[in-house]
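# got a predicted structure plus its sequence, pasted below:
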Amino acid sequence: MFLFLSPLFLLGISLALIPLIIHILNKSKYKVEKWGAMMFLQKAVKIRARSIKLQQIILMLLRMAVLIFFAIGLARPIIQGQFAGEDDQPVCTVLIVDHSYSMQKKSNANYNKAKEISKKYIRDMKEGDSLYIVLGGSRPNPLFSKPSFDKGFLSEKINAIKVGSGDFNIIKSLEEAFFLLEKSKAPRRRIVVISDEQETNWKINQKLLWDKIKQHYELLKIKPLLYSLNLDEDEKTDNQWIKSISTRSPVIDIYRQNKFVVEIEHIGDKDIKSHLNFYLDGEIYTERDVELKNGTNSFVFDVQIEKAGSHHIKAELEADELPFDNQREFSFEVIERLPVLILEGTSDENPLKSDGGLLSMALEAASQLENKQLFKVDKKPYYELENLTLDSLSSYKAIILANVPSFSQYSIFTLENYVKKGGGLFIFLGDKTTPEAYQKVYKNGQGLLPGLIKKKIERNRKLVSPFFNPGLGRFILEIYNLEEGKQIDEVKINTYWQVSTHKESYTLARIKNDPMLLYKTFGDGRIMMLSVSPDIKWSNYPITPHFLPLVQNVCIYLCGTVKPPLNVSLGEPLIVQLPIVSTKKASDVNLINMIEPNGKINKLTSRFTRGFISSIYKETNNAGLYTVVKSEKEKKYYSVQYPESEGNLKALEEKNKIKLPVKFNFVKTYTELSQYNLEESGAKEVWQYFIYLLLILLLIELYLSGRFNK
Amino acid sequence: MNELLNPKRYASFKRLELLAHSVVEGFKTGLHKSPYKGFAIEFEQHRPYVFGDDLKHLDWKLLAKSDRYYIKQYEEDTSLRAYLILDTSGSMGYTSQKHSKLDYGKYLLGVFSYLMLSQQDSVGMVTCDTKIQNFMSPRSSAKHLRNMMEVLNDISPGQDTGLANVLHALAGKIKRRALIVIISDFFDDTESLKKALNHFAHKKHEVILYQILDRKETEFPFNDLTQFESLEGDEIQMTDPVRIKKAYLEEFNKHKANLKKVCFNLRIDFQQLFTDDPFERTVASYLAGRLKK
């Protein structure tokens, strides 16, 4: 069947109704003649009646056909397959050039080769052929939006391509190529992928995405032929790369040795020895020889940081054939103080009588150093919440609700907005808690509460001990050094609130089968809820050695939300937020620069937002350290991470090539590609035949109408 | 219709005399020659005497001079007796010009009757469609002309054409030989017409046919889709005239040719007139033609 390059013109087929309408209108529009010579007229009509009708229909059909063929001709029909034959019909190609950092292997050998082959392809383009160039990265990047016929322009674009630092998502690139080809008017289409054919780039396991691609491909009017040219002649795929850098603790502070975990991936048959340098704020902090086994190797570094503020570390591995992924940056904020607000149901100077007394003591006992302590605790009666604004709440990293009996609509609204923006909330239930009051906060699972409070359970001296679940409870288990699922026998609980969980919340600890410690996220913030009171009326938990680390670590965890993130993936925007130091000055927003990993300095366009000077920086196309400089002393570090999978240089296996839902022609050389192109049957534009037919029909119509009228 | 009686209109015909091609019986002595060789006024020729000839016609003088027997033959002048038959069927009402065919026929009939009466001939008039509508026996009085004109004045197009039947009936009704002038479009079956005209010829009448046509009927110049509505009945025919023109003209010309052939075979004078032809010139030219014969 035909496909159409300008299918909108097919609407013109409706013009074929015009002759039909004229025919019908003519029948209703006639003259009346009083006539005497009817005997001759009737004889004549009797003879001609059938032929007149036939002639009229023939002429009408001819005129309709003329209009239909005209519309079809304008719609530029093409035929594909065996009928098209081999001919020189123009081809539109999407050249997808692998722009991942693996192309830098062996001093950019594949990268240079890709450019050379692309230029050859451009040089060999025939008259009428057009080309798109798409840089294949995590997200495809078309270098221009309309197909170009200009070889000079195309070669310049190829020359201007610089090495990439991301991965290569073939599925997304194909999607983009299909989209671009749909804009083309060429009757034949091609997609040529020039890459090192890394298996990770082909996302073989992403069956759903490939199925989507296949569906899209099937929907294409003109199906492009797909080619993959593998640049990598090297069978050797050994590589080591730094997969990730992370911290053990959600909060990095100045009081403790902070643990940083560096994960190194090694792909190779043999274990190898290498050397790992660890930098803090640009200076070497420590170094060590490492032995790398096939797979993931983790190395922990204890780092004591003395100064609060923005810092960055870098792990650097001994260079190999692909040096790009042998180093990785990581940015973080070091905390000196974690301000926490305790809102208590019962306030008393005696900590044992007030609901927040023991909690306050537990937090204040956390890390201390030269008159400094990690938590700065403010304690207020719960009704003070009515007087607190969202801005004043935002100065606390976490809020603890200790046995709060009731909430006003305003306090619920303020707390919800506080948590949404990244604040932490720790809810302790107790004897003043009422299910009715907390139901307003629960909001059928859509509110702050991780579970619905049902009834108070009193064990009548049949005391029970809690146990912690695996999964999210792991970080609690690490505190207690307990095996998963094991009870904390020292803790004895007599009374607690029975709580039912919601599908969006998680149970970290249980009393029998009832949840004790629940967790949920709300907006950017985190919420924990303990179904036991924070005093000794219901259990001995607050006076056991287990209570203090629980409160401290849960609060650290709740405070650990870093929003906006300091470490982003390649291509993701960096959201820069700097505190307003004193008063708002124009220089605060006008004199902020961003230094990219390659040393390029860009001026940041910033503005004042609630308590911050903020800006969004989208040009994160290079992996590495990005430094925001407000003044010599005021710097903030951000890291853009290269994708961890790109270091795996394993090539796409033959068996997987066959499994691909869309058919690719895999070639190794440009000559092979050219040979394939020559053998394409492709497609052929046939609009001119419709115009010829139209002219023939016009002539027939003219001849017949003349003849019929005689 | 007073126009019919306008003497000025017929002044141009005063000089012309209607001379019938064949001599008919007449009861008035006029300019018309009798076909019968009598013994009245003008000697015509001699012929040899044969046994049985009346001896009173013997030319005794010639016998005395030449001793041969010859009989004297004479020509006798007679008055013309004419019937003017006008077809008033619906089709005669057709007009695309100033005058309908019926109007044209009326003028023609008026002219002929005036001329004939002015030369002391007897003129009768018949109007008909499917049957005889008016029958006026031949008279030669001036009053008769006025009566005829009054009748003509009241005529309007009638029903369907049934000319052949009417002519048959007339042929049976007209006993004495006469000049029969039929004015019609002759849109009737030629076979039936042939039989009717043959009936006249058989009775030795001299017949003249005047076929009056509208130019549109012979040219069929219509281009747009047209609904033709019969002037003689309820027939309606919607058609594209362009497409049937050829077939129509073929049918029309076939009919005309057949009619001419019938006239030729029966030695009947046939004349075709168009309503857009200049009236006086057409009639004058025709009468001049008849005079030469």
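Sure thing, it's come through. Numbering: from 1, shown residues only, chains lettered A, B, ... in the order given.

# residue A:104 and residue A:98 touch, don't they?
No. Look at residue A:104 against residue A:98 with CB atoms under 8 Å: they stay out of range, at 10.9 Å. Glycine gets a C-beta too; all of them are placed from N, C-alpha and C.

# which one's more surrounded, these two?
residue A:98 (28 against 19; other CB atoms under 10 Å in any protein chain shown).

# which one is the more buried one nearest to, not counting chain neighbours?
residue A:195 (3.4 Å; CB to CB, 6 or more residues apart in numbering or on different chains).

# OK, contacts around residue A:146?
residue A:183 (CB atoms under 8 Å, 6 or more residues apart in numbering or on different chains).

# on the three-state scheme, it is what?
Here residue A:146 is coil, with the state taken from DSSP: H, G, I helix; E, B strand; the rest coil.

# how close does it sit to residue A:190?
As judged by CB to CB, to the nearest Å, residue A:146 and residue A:190 stand 17 Å apart.

# equivalent analysis for residue A:208, please.
For residue A:208 relative to residue A:190 (CB to CB), the value is 26 Å.

# now do residue A:373
67 Å.

# so the two - more neighbours on which side?
Neighbour totals were compared for residue A:373 and residue A:190, and residue A:190 leads with 25 against 18 (other CB under 10 Å).

# got any ranges where the chain has weak pLDDT?
No chain specified, so I'll use chain A. A:1, A:48-49, A:80-88, A:369-370, A:470-486, A:581-590, A:610-611, A:681-683, A:709-710 (pLDDT under 70).

# ah, no, chain B please
B:1-44, B:73-79, B:159, B:279-280, B:282-284, B:286-293.

# mind splitting the chain into its structural domains?
Here I'm looking at chain A. If you go by automatic domain parsing, the domain ranges for chain A are A:2-29+A:37-82+A:689-709, A:91-235+A:653-680, A:241-335, A:338-559, A:567-641.

# hmm, I had chain B in mind actually
B:2-18+B:82-292, B:32-78.

# and of the ones you listed, who's closest to chain A?
Closest approach to chain A among the domains of chain B (CB to the nearest CB): domain B:2-18+B:82-292, 3.2 Å.

# could you confirm whether the closest one reaches chain A?
Yes. Counting by CB under 8 Å from any CB of the partner chain, chain A has neighbours in domain B:2-18+B:82-292: B:90-94, B:101, B:185, B:187, B:214, B:217, B:222, B:224-233, B:235, B:237-240, B:242-244, B:246-248, B:250-252, B:255.

# if any of the residues you listed are buried, put those into a ChimeraX selection.
In ChimeraX, this line selects whichever of the residues of domain B:2-18+B:82-292 next to chain A come out buried by 16 or more other CB atoms under 10 Å in any protein chain shown:
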select /B:90,91,92,93,94,101,185,187,214,217,222,225,226,228,229,230,231,232,237,239,240,242,243,244,247,248,251,252,255
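
# so for the helix or strand residue A:689 falls within, what gets flagged as buried?
Using DSSP states H and E, residue A:689 sits within helix A:687-709. For helix A:687-709, burial by neighbour count (16+ other CB under 10 Å) applies to A:687, A:690, A:693, A:694, A:697, A:698, A:701, A:708.

# equivalent analysis for stretch A:60-74, please.
A:60, A:62-74.

# again, but for stretch A:275-292
A:276, A:278, A:279, A:280, A:285, A:290, A:292.

# from these, which is closest to chain B?
The closest of those, once distances to chain B are taken by CB to the nearest CB, is residue A:292, at 95.5 Å.

# who's in contact with that closest one?
A:240, A:264, A:266, A:271, A:272, A:273, A:274.

# tell me the buried residues within the residues you listed.
A:240, A:264, A:266, A:272, A:274.

# and residue B:123, what are its bridge partners?
residue B:82, residue B:139 (DSSP bridges).

# what's around it, how many residues?
Neighbours of residue B:123 using other CB under 10 Å come to 27.

# and what of the one 3 residues further on?
By the criterion of other CB under 10 Å, residue B:126 has 25 neighbours.

# my read: it touches residue B:137, true?
No. If you go by CB under 8 Å, residue B:126 and residue B:137 don't touch, sitting 9.7 Å apart.

# show me where the stretch 1-150 of chain A has its helices.
Using DSSP state H, counting those that start in this stretch, the helices of the stretch 1-150 of chain A run over residues A:17-28, A:38-74, A:105-123.

# could you check the angle the longest one makes with helix A:687-709?
Put simply, helix A:38-74 runs at 170 degrees to helix A:687-709, going by axes from the mean of the first three to the mean of the last three CA atoms, to 10 degrees.

# touching chain B at all, helix A:38-74?
Yes. Counting by CB under 8 Å from any CB, contacts between helix A:38-74 and chain B involve A:38-45, A:47-49, A:51-52, A:55-56.

# and those, which are buried?
Buried among the residues of helix A:38-74 next to chain B (16+ other CB under 10 Å): A:38-45, A:47-49, A:52, A:55-56.

# find the centremost residue of chain B, please.
Central residue of chain B (CA atoms, centre = their mean): residue B:181, 1.6 Å from the mean position.

# burial measure for residue 110, as a count.
Just going to use chain A. So residue A:110, with other CB under 10 Å, has 22 neighbours.

# you looked at the wrong chain, it should be chain B
The number of residues near residue B:110, taken as other CB under 10 Å, comes to 24.

# for the closest residue to chain B within the stretch 251-400 of chain A, what are its contacts?
Across the stretch 251-400 of chain A, the shortest distance to chain B (CB to the nearest CB) belongs to residue A:390, at 83.4 Å. Counting by CB under 8 Å, 6+ apart, residue A:390 touches A:414, A:417, A:418.

# how far away from the center of its chain is the helix or strand hosting residue A:362?
Assigning secondary structure by DSSP H and E places residue A:362 in helix A:357-364. How far helix A:357-364 lies from its chain's middle: 41 Å, per CA atoms, centre = their mean, to the nearest Å.

# repeat for stretch A:320-327
26 Å.

# next one: stretch A:599-615
Worked out by CA atoms, centre = their mean, stretch A:599-615 lies 24 Å from the chain centre.

# what's the angle between the longest helix along chain B and helix A:687-709?
In chain B, assigned by DSSP state H, the helix with the most residues is helix B:241-265. Here helix B:241-265 runs at 30 degrees with respect to helix A:687-709, directions being taken by the same axes, to 10 degrees.

# now for whichever helix or strand comes after helix B:241-265, which elements pack on it?
Using DSSP H and E, the helix or strand that follows helix B:241-265 in sequence is strand B:269-274. Counting contacts by 3 or more CB pairs under 8 Å, 6 or more residues apart in numbering or on different chains; DSSP states H and E, strand B:269-274 packs against strand B:206-213, helix B:241-265, helix B:279-292.

# out of the ones you listed, which is the most enclosed?
The highest average neighbour count among the helices and strands packed on strand B:269-274, using mean count of other CB atoms under 10 Å in any protein chain shown, belongs to strand B:206-213 at a mean of 23.

# other SSEs contacting the helix or strand following that one?
The helix or strand immediately downstream of strand B:206-213 is helix B:215-219, counting by DSSP H and E. Here helix B:215-219 touches helix B:241-265, going by 3+ CB pairs under 8 Å, 6+ apart.

# buried residues, stretch A:404-419. List them.
For stretch A:404-419, by 16+ other CB under 10 Å, it's A:404, A:405, A:406, A:407, A:411, A:412, A:414, A:415, A:416, A:418, A:419.

# that stretch: how far from the chain's middle?
Using CA atoms, centre = their mean, the distance between the centre of stretch A:404-419 and that of its chain works out at 33 Å.

# repeat that for stretch B:230-242.
30 Å.

# which residues does that stretch contact?
Against stretch B:230-242 from outside (CB under 8 Å, 6+ apart): A:30, A:34-36, A:38, A:41-42, A:45, A:49, A:52, A:56, A:708-709, B:89-91, B:93-94, B:157, B:159-161, B:220, B:222-229, B:248.
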